[in-house]
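Trainee: missing the sequence, but the structure's below:
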């Protein structure tokens, strides 16, 4: 519960930091901080227990206490951050010319800092009083015992219905998916492999109908086996109970055996199944370790054609269950549009194909929201028809508007959200936090992967691990795990094979996390619903998402009467930018995302006021229409991410070089003026796009020792400039992306640590890899022009269509865009065939994607010139 939504994870390290000698706290204040740290560690331990219990199973007093701790952790972190901000000297670069001035300022600042240390002493004393009050309530409520041993709650498992679904209701399963699974279970062409024990694992998003599918298959084929068992597992399962249930189902015992431990139960099961042909379904597995134990009961030496079927929502669990070469994984996918309609209409109108004309359009829009998930389709259908009566068309439209923005209270909706919530409560605490943060984005929003990870980092959700990897790489593991658990849907790039560049959130999952975020005061969503309009001036709001879809909704917003002093994150989406308070009204803002909002027409938003957001870590100004960045940006000493992908920006202010903590700077190629001293941005990991038409720029980039990704635009490449860049950056283990005008030759000593390589030509060009060039490169994404390649080869008597990728010894994945305009159709065909043949001959057998642009017409003659 609240462990995922408070600031405890980042607060405790900061309290430890305050005790460092460099901050010179008075003895009494130090003792206060130590007392705070000890008490908050104790509360953190209690909250970890709270987090393991679903909210609806918690005592009301426990919920109130956990909420108090959450809010207290936010307030405490704000106090500590303000102190660190005022005492820290920042990272402004010091040169010989301003050393004296800086020394004078430091001496004057000592008086202010002394006052600051007294102020934090007062603040620590005040917070200590609050902490003691909260701690006493924890003891009165006996939190530890209540949470560690929650009273058993008698509830009906909402998944039970899936086990007893009538065959007539199996839309999209009977006669289709069931046959696909049975085929995987049967002979795969090798008689011997048919006799071996085989496992088929069905994996997919919660609510897709995995249990219903597998139960249908089980009922159809169980008569072909000597014994069978269908055993539901679920979260927090007990291995002893699983083994006992299997033993009872296969007929080993008539009543549950007593006095046996896991080892003895495994032995009994192995002994009983040793010479039998069995079919066993283990339904709804969540834990790899649990499967490793369960799997011990099934001997791989069984050669009687036995079969195991497992279901899970987690891809990595499915892979573990089906880890042998003859095992199979069945990826459950959403229903097709036709099957979705059949199921929906059948539930509402009692027949599959007919829908009254007045409901057709709105039903199509509703089904889009359901995304082919049977659970969602059935739930929504139940809201539109009850007791044999179909609701009016206007009520259908009201329901359509509410999907993804907070479905109304209804027993069917509660059951659906409860099934989905199993996946949420199975997440570790840090992933719960990251998932809830996705409620900052509106429904149907395509969320950029990199943007999301950087926002997580700015919020301190991503913490360094034991592995020596960057925070961003750690954030990528978080993102991938949410995909692995089917909590978010990956969005793949159309340019790179298998490359994920973003994600979507299913509307039903968005409903769940929006509801949880609202209950936990994690994110306040202003989107025109009754819940969002009931804001209180007494409440502290920590994160806000302005999502109003229509101008008329903005007139009733309550935001003007609410304080935003404690807001840590705010994101605005058009037209809700009209609601944005002045930047100066925020006190502790860490994330400000205005991507896609036209700031040029909003008179109350003054960019100079950005300089007052001293706690800011993430500033998203992409596609905002601004034409310049104010000098005040240099005051943001904590800023980590600056997204300035704006066509109108042509240059950057000098103060930018003061941002010593900046990790990611994103620009458009229209930005061509850069301040001297860019090398001071030594924390930069990502820089895109930067014009590199000077040797001094190459030298500055060489000082950025943490760069991982670099996207450079060259308008005028010279041998001198190319040599400077190779010398400056050739030893860095980063991903490069160049834009060159003509020919680029990668020599043997070039970019020896490079892992991926992308080149985009502003005008058509060519690229050639010499032997031993980029020996570690695994992925290449390039654009070449056949016309330029031909012209260059004519001057050098070379093979004009071959970039010589056979010289890339580590190549795994290659994508080539071939611009064929300016050569004959015959030459284009010859080049395409030769290129594909040379890549197929590569010993690594890389994934190959070659695109001819423009495509060669089928009826074109070889002598025709390819035109743009």
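Mentor: All right, it came through fine. In this text the structure is predicted, and so the values were computed from the model without any measurement.
Trainee: When you work out contacts or count neighbours from here on, use the C-alpha atoms and nothing else.
Mentor: Will do.
Trainee: Give me the neighbour count for residue 492.
Mentor: Residue 492: 14 surrounding residues under other CA atoms under 10 Å.
Trainee: Report how many residues lie close to the closest residue to it other than its chain neighbours.
Mentor: Once flanking residues are discounted, residue 492 sits nearest to residue 500: 4.4 Å by CA to CA, 6 or more residues apart in numbering. A count of nearby residues for residue 500, using other CA under 10 Å, gives 15.
Trainee: thinking residue 500 is in contact with residue 488, fair?
Mentor: No - in this structure residue 500 lies outside contact range of residue 488 using CA atoms under 8 Å: 12.0 Å.
Trainee: residues contacting the residue nearest to residue 492?
Mentor: The neighbourhood of residue 500, defined by CA atoms under 8 Å, 6 or more residues apart in numbering, consists of 449, 490, 491, 492, 493.
Trainee: can you rerun that using 10 Å?
Mentor: Applying CA atoms under 10 Å, 6 or more residues apart in numbering, we find residue 500 in contact with 448, 449, 480, 490, 491, 492, 493, 494.
Trainee: What separation is there between residue 480 and residue 456?
Mentor: To residue 456, residue 480 is 14 Å away according to CA to CA, to the nearest Å.
Trainee: who's more crowded, those two?
Mentor: residue 456 (23 against 16).
Trainee: which helices and strands does the helix or strand harbouring that one pack with?
Mentor: Take DSSP states H and E as the rule and residue 456 turns out to sit in helix 449-458. The helices and strands touching helix 449-458, judged by 3 or more CA pairs under 10 Å, 6 or more residues apart in numbering; DSSP states H and E, are helix 429-436, helix 471-484, strand 500-504, strand 591-593, strand 618-620, strand 641-644.
Trainee: Same list, these, but as JSON lines with mean pLDDT and distance to residue 204 please.
Mentor: Shown next, in JSON lines, are the helices and strands packed on helix 449-458 (pLDDT from 0 to 100; distance: least, CA to CA, whole Å):
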{"stretch": "helix 429-436", "mean pLDDT": "90", "distance to residue 204": "18"}
{"stretch": "helix 471-484", "mean pLDDT": "91", "distance to residue 204": "10"}
{"stretch": "strand 500-504", "mean pLDDT": "89", "distance to residue 204": "16"}
{"stretch": "strand 591-593", "mean pLDDT": "97", "distance to residue 204": "32"}
{"stretch": "strand 618-620", "mean pLDDT": "97", "distance to residue 204": "34"}
{"stretch": "strand 641-644", "mean pLDDT": "96", "distance to residue 204": "35"}
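Trainee: To residue 543, which of these lies closest?
Mentor: The closest of those to residue 543 is strand 591-593. By CA to CA, the value is 9.1 Å.
Trainee: what ranges of the stretch 751-868 of the chain fall below the confidence cut-off?
Mentor: By pLDDT under 70, the low-scoring segments of the stretch 751-868 of the chain are 751-754, 759-766, 792-802, 868.
Trainee: can you give me the helices in it?
Mentor: Using DSSP state H, counting those that start in this stretch, the helices of the stretch 751-868 of the chain run over 786-796, 825-840.
Trainee: What of the stretch 601-750 of the chain?
Mentor: According to DSSP H, counting those that start in this stretch, the helices that the stretch 601-750 of the chain contains are 695-702, 719-729.
Trainee: just these: most buried one?
Mentor: Of the helices of the stretch 601-750 of the chain, the one with the most neighbours on average (mean count of other CA atoms under 10 Å) is helix 695-702, at a mean of 19.
Trainee: Which strands and helices lie in contact with it?
Mentor: Using 3+ CA pairs under 10 Å, 6+ apart: helix 695-702 touches strand 686-691, helix 719-729.
Trainee: Please identify which of the helices of the stretch 751-868 of the chain is closest to residue 413.
Mentor: Minimum separation from residue 413 across those (CA to CA) falls at helix 825-840, 52.8 Å.
Trainee: From the contact counts, what lies against that closest one?
Mentor: When contacts are defined as 3+ CA pairs under 10 Å, 6+ apart, helix 825-840 sits against helix 786-796, strand 813-819, strand 847-853.
Trainee: now the angle from it to strand 847-853?
Mentor: Angle, helix 825-840 to strand 847-853, by axes from the mean of the first three to the mean of the last three CA atoms, to 10 degrees: 170 degrees.
Trainee: so helix 825-840 versus strand 813-819, what angle?
Mentor: Angle, helix 825-840 to strand 813-819, by the same axes, to 10 degrees: 170 degrees.
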